[in-house]
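Undergrad: predicted coordinates and the sequence they were generated for:
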Amino acid sequence: MPRISRSLVAVTAIGLALAVACTPASDQPSAEDALCDSLAAFADSVQAIADLSPETDSVGDAQSAADAAPAAWDQVATAAAEVGEADETALNEAWSDLANTITNLPTDVPLSEAWDSVLASVDDVQGVYTEMRDGLGCA
């Protein structure tokens, strides 16, 4: 191979390597927007639990409201995987605690008797959600 061709190949290879290295692996702003959207949907599903009335709603109503949240949580987890600095572990733990609290509610007592533990778990989820949302700069 002539010297000019080798040089041209070397320069081209270096240029391609630089182009690949400088190209973002994913569209970070778009991934963050998707995470913000999924966080908002998840927050809405948790708010539906918080909006229950312990005087008129049953444990079954709380369990039904909680059944809507896992699909929203799955969207958060999927979107968070695309955002490098998103740490969804704390939110996942808070959500798991809330889901377990609701799952383990005795069905033979009024919701009002267990409402304080449900509300404490909701508050934990909302606190972690707010921290994550604010850290991402979601609207």
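TA: Noted; the coordinates are in hand.
Undergrad: pLDDT on the helix or strand containing residue 114, on average?
TA: In this structure, residue 114 sits in helix 111-136 according to DSSP states H and E. Averaging pLDDT along helix 111-136 gives 92.
Undergrad: list the buried residues of that helix.
TA: 111, 114-115, 118-119, 121-122, 124-126, 128-129, 132-133, 136 (16 or more other C-beta atoms under 10 Å). Using the backbone N, CA and C atoms, a C-beta is placed for each residue, glycine as well.
Undergrad: kindly report the same for stretch 60-74.
TA: Along stretch 60-74, these residues count as buried under the neighbour rule (16+ other C-beta under 10 Å): 62-63, 65-66, 69, 72-73.
Undergrad: on that earlier part again, check the offset of the helix holding residue 114 from the chain's centre.
TA: Distance, stretch centre to chain centre, for helix 111-136: 14 Å (C-alpha atoms, centre = their mean, to the nearest Å).
Undergrad: now the buried residues of stretch 60-74 as JSON lines including pLDDT, secondary structure and distance to residue 55?
TA: Shown next, in JSON lines, are these (pLDDT from 0 to 100; DSSP: H, G, I helix; E, B strand; the rest coil; distance: C-beta to C-beta, whole Å):
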{"residue": "62", "pLDDT": "94", "secondary structure": "helix", "distance to residue 55": "13"}
{"residue": "63", "pLDDT": "93", "secondary structure": "helix", "distance to residue 55": "17"}
{"residue": "65", "pLDDT": "93", "secondary structure": "helix", "distance to residue 55": "16"}
{"residue": "66", "pLDDT": "93", "secondary structure": "helix", "distance to residue 55": "19"}
{"residue": "69", "pLDDT": "90", "secondary structure": "helix", "distance to residue 55": "23"}
{"residue": "72", "pLDDT": "91", "secondary structure": "helix", "distance to residue 55": "27"}
{"residue": "73", "pLDDT": "89", "secondary structure": "helix", "distance to residue 55": "28"}
